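[1] this one's sequence-less:
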């Protein structure tokens, strides 16, 4: 079970760009592939994800050379982000 909880209203206060990038990275399971889909540079996506992690105080992704996978907290935040972006 995830110890981190975030309301939809709280997540709405985040920058929509950060949320779009989070959802794309989660869907593609890769920062590189997400950046290509979003038509942005991969370092830009990485920076925005890191900013979101820093502002929330949690790690959203487990990063490796084979891709990026959501942590339990990341699953929670990504689910809320999808609700906000609909």
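    Ah, there it is. What you see is a predicted model; the values in this text were computed from it and never measured.

[2] please give me every residue in contact with residue 59.
    53, 71, 73-74 (CB atoms under 8 Å, 6 or more residues apart in numbering). Where C-beta positions appear, they are placed from N, C-alpha and C, glycine not excepted.

[3] mind redoing it with 10 Å?
    4, 50, 53, 70-74 (CB atoms under 10 Å, 6 or more residues apart in numbering).

[4] ok, and the closest non-adjacent residue to residue 27?
    residue 34 (7.3 Å; CB to CB, 6 or more residues apart in numbering).

[5] sorry, slip of the keys, the one I care about is residue 56.
    Distances taken as CB to CB, 6+ apart put residue 77 closest to residue 56, at 6.7 Å, once the chain neighbours are dropped.

[6] show me what the helix or strand hosting residue 27 is packed up against.
    Per DSSP states H and E: residue 27 is located in helix 16-28. With contacts taken as 3 or more CB pairs under 10 Å, 6 or more residues apart in numbering; DSSP states H and E, helix 16-28 sits against helix 8-12, helix 31-38, helix 42-56, strand 61-64, strand 67-70, helix 72-85.

[7] buried ones in the last one?
    Neighbour-count burial for helix 72-85 flags 73-74, 76-78, 80-81, 84 (criterion: 16 or more other CB atoms under 10 Å).

[8] would TSV of the contacts of residue 59 with distance to residue 22 be doable?
    Output for the contacts of residue 59, formatted as TSV (distance: CB to CB, whole Å):
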residue	distance to residue 22
4	14
50	11
53	9
70	9
71	12
72	15
73	12
74	8
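
[9] noted, bye for now.
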